[in-house]
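Visitor: no sequence for this one, just the structure:
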Ligand SMILES: C[C@@H]1O[C@H](OP(=O)(O)OP(=O)(O)OC[C@H]2O[C@@H](n3ccc(=O)[nH]c3=O)[C@H](O)[C@@H]2O)[C@H](O)[C@H](O)[C@H]1O
């Protein structure tokens with residue numbers, strides 16, 4: 001039952017588990033502070049969310065708004081988890097079709113705040129018309145926002161000083177201090193290919209969307225903290241976004257998400273039975289997130305690299321169907337038989353309880369694509385990283401983390417990003433078992449002091465809540 005005395009906040013996350021999960025974490029933090037939340041997404045996404053603790057479930061209304069039908073978008077697809085990455089622009093098109101139902105929902109509810117995500121560039125004008133303060137909740141770190149650059153450049157309003165490939169591969173001209181946070185050639189080539197594909201399908205360019213989302217906000221909330229990247233946070237507030245940027249902290253997992261039984265019906269009991277049999281800190285947990293779509297060659301080299309490493313591994317493979325749009329996805333011949341015979345690997349096709357697995361004492365490292373959620377979860381538990389970035393800002397995250405020595409990147413071919421089973425095996429053994437890799441393991445444990453410091457991040461939430469309560473709209 002909604003209580004009108006409570007401040008009302010409407011949450012509008014993008015259609016991706018890597019966005020829905022942190023938006024729900026933030027919603028839970030606000031509900032615990034007495035806010036009434038309306039969390040808006042599609043029916044399937046709402047049903048897939050981690051369960052909300054009973055003591056705050058009445059304070060979070062889960063609002064289901066169906067997606068409009070869009071050509072080339074399968075009816076079952078409501079999040080990036082359900083699609084190969086090269087088809088996500090159809091999902092974006094469908095998301096843009098939510099403007100009308102979203103506007104009428106907001107007109108009827110008139111909340112105190114709207115907190116929205118990177119894709120919803122069309123929300124600020126609706127909020128402004130209704131006189132509702134709106135905030136962009138940034139789910140990437142400040143270094144990424146800095147690399148992307150000023151919104152006016154992204155939107156094509158002011159001239160882009162990065163004209164050549166060399167410019168794009170270098171430190172951006174608006175970064176005044178030394179930085180290693182840059183893309184590799186193969187990452188830029190993949191980003192440019194995806195940009196052009198998206199640009200041909202979506203109503204606005206990806207750059208315009210990326211720029212106008214923060215541009216239209218009254219304030220930017222960001223999932224970060226000064227203890228990790230104070231220079232970058234100052235740079236984006238003062239020079240890049242030129243508006244208030246309020247860190248909400250890293251939102252480490254509030255509780256080990258106890259209900260994450262994967263969608264194959266495997267239960268935590270079955271998974272933990274396998275993990276319990278393994279030696280302490282011996283298992284490598286392998287997941288490349290909910291969006292990356294590796295090629296078949298990449299899957300083969302990764303699989304054979306895991307086998308070659310001789311380390312026990314738990315590998316989450318996103319539902320094969322959505323990787324290629326059909327059932328053609330397959331692992332190397334005989335691989336699954338050899339692994340189940342040796343008992344050295346556990347292959348989970350679908351959804352796994354990632355945080356619970358990372359928290360298990362048998363896990364000694366994480367082979368990750370460097371999605372920001374996964375990084376936060378891993379480092380809040382002191383897990384060292386073997387890094388294999390695929391898309392988005394994952395390459396920038398990998399550079400930042402290698403600089404902090406909390407892990408190492410698997411060597412890639414500079415031009416096409418290919419890697420070999422040998423380099424996978426060597427990187428895994430280096431980070432998890434080799435003597436020389438103790439630095440990575442020690443640094444990752446040290447980083448737990450920031451990423452896993454619950455009191456520190458609770459303080460960020462307190463400041464965030466105060467900001468929401470004290471906010472006075474600027475005189476128009
Ligand atoms: C912000 C955006 O997040 C995106 O999400 P993506 O899913 O790729 O990866 P994560 O951020 O690690 O997010 C994945 C989230 O899903 C959870 N999970 C995943 C698989 C599974 O089987 N079980 C789980 O519990 C995991 O614990 C994490 O919370 C991209 O990275 C993008 O680069 C980044 O900007």
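Guide: Looks like it came in fine. From a predicted model like this one, the values you see are computed outputs, not experimental measurements.

Visitor: per-residue pLDDT, residue 473?
Guide: As predicted, residue 473 sits at a pLDDT of 83.

Visitor: surely it touches residue 130?
Guide: No: using Cβ atoms under 8 Å, residue 473 is not in contact with residue 130; the gap is 11.9 Å. From N, CA and C alone the C-beta is placed, and that goes for glycine too.

Visitor: more neighbours: those two, which one.
Guide: Neighbour comparison, residue 473 and residue 130: the larger count goes to residue 130, with 15 against 10 (by other Cβ atoms under 10 Å).

Visitor: the more buried one reaches residue 108, doesn't it?
Guide: No: at 10.4 Å, residue 130 does not count as touching residue 108 under the criterion of Cβ under 8 Å.

Visitor: residues from the stretch 351-476 of the chain in reach of the ligand?
Guide: Contact residues (Cβ under 6 Å from any ligand atom) of the stretch 351-476 of the chain with the ligand: 351, 352, 354, 355, 371, 372, 373, 374, 377, 392, 393, 394.

Visitor: so how far is residue 372 from the first one?
Guide: When Cβ to Cβ, to the nearest Å is the yardstick, residue 351 and residue 372 sit 19 Å from each other.

Visitor: please apply the same query to the second one.
Guide: Here residue 352 is placed at a distance of 19 Å from residue 372 (Cβ to Cβ).

Visitor: so what does residue 49 have for phi and psi?
Guide: phi -60, psi 150 (degrees, to the nearest 10).

Visitor: and the pLDDT for it?
Guide: In this model, residue 49 carries a pLDDT of 95.

Visitor: quick one, what contacts the closest residue to it other than its chain neighbours?
Guide: Spatially, and ignoring its direct neighbours in sequence, residue 49 is nearest to residue 24 (5.7 Å; Cβ to Cβ, 6 or more residues apart in numbering). Each residue near residue 24 by Cβ atoms under 8 Å, 6 or more residues apart in numbering is listed here: 13, 39, 49, 50, 52.

Visitor: how does it look with 10 Å?
Guide: 11, 13, 37, 39, 41, 49-50, 52, 60, 62, 251, 254, 257 (Cβ atoms under 10 Å, 6 or more residues apart in numbering).

Visitor: can you give the domain ranges for this structure?
Guide: The chain is divided into the following domains under automatic domain parsing: 3-252+453-470, 255-451.

Visitor: burial of the residue in the stretch 51-200 of the chain positioned nearest to the ligand, as a residue count?
Guide: In the stretch 51-200 of the chain, the residue that lies nearest the ligand is residue 139 (4.1 Å; Cβ to the nearest ligand atom). Neighbourhood size, residue 139 [other Cβ under 10 Å]: 26.

Visitor: can you name the element that comes right after the helix-or-strand element of the chain with minimal mean pLDDT?
Guide: Lowest by mean pLDDT, DSSP states H and E among the helices and strands of the chain is helix 320-324, with a mean of 59. Counting by DSSP states H and E, the next helix or strand C-terminal to helix 320-324 is helix 335-342.

Visitor: rewinding a little: residue 213 is in contact with the residue of the stretch 51-200 of the chain closest to the ligand, correct?
Guide: No: contact between residue 139 and residue 213 fails when scored by Cβ atoms under 10 Å: they sit 11.3 Å apart.

Visitor: how about the helices in the stretch 1-150 of the chain?
Guide: Assigned by DSSP state H, counting those that start in this stretch, the stretch 1-150 of the chain shows helices spanning 17-32, 43-48, 88-96, 99-109, 123-130, 142-148.

Visitor: which helix or strand contains residue 158?
Guide: Per DSSP H and E, there is no helix or strand for residue 158.

Visitor: now do the contacts for residue 161.
Guide: 149, 150, 153, 167, 172, 173, 174.

Visitor: residue in the stretch 151-300 of the chain nearest to the ligand?
Guide: residue 289 (2.6 Å).

Visitor: next, give phi and psi for that residue.
Guide: phi 80, psi -170.

Visitor: pLDDT at the closest residue in space to it that isn't next to it in sequence, what is it?
Guide: Nearest residue to residue 289, sequence neighbours excluded (Cβ to Cβ, 6+ apart): residue 371, at 4.3 Å. The score at residue 371 is 98. That number is its pLDDT.
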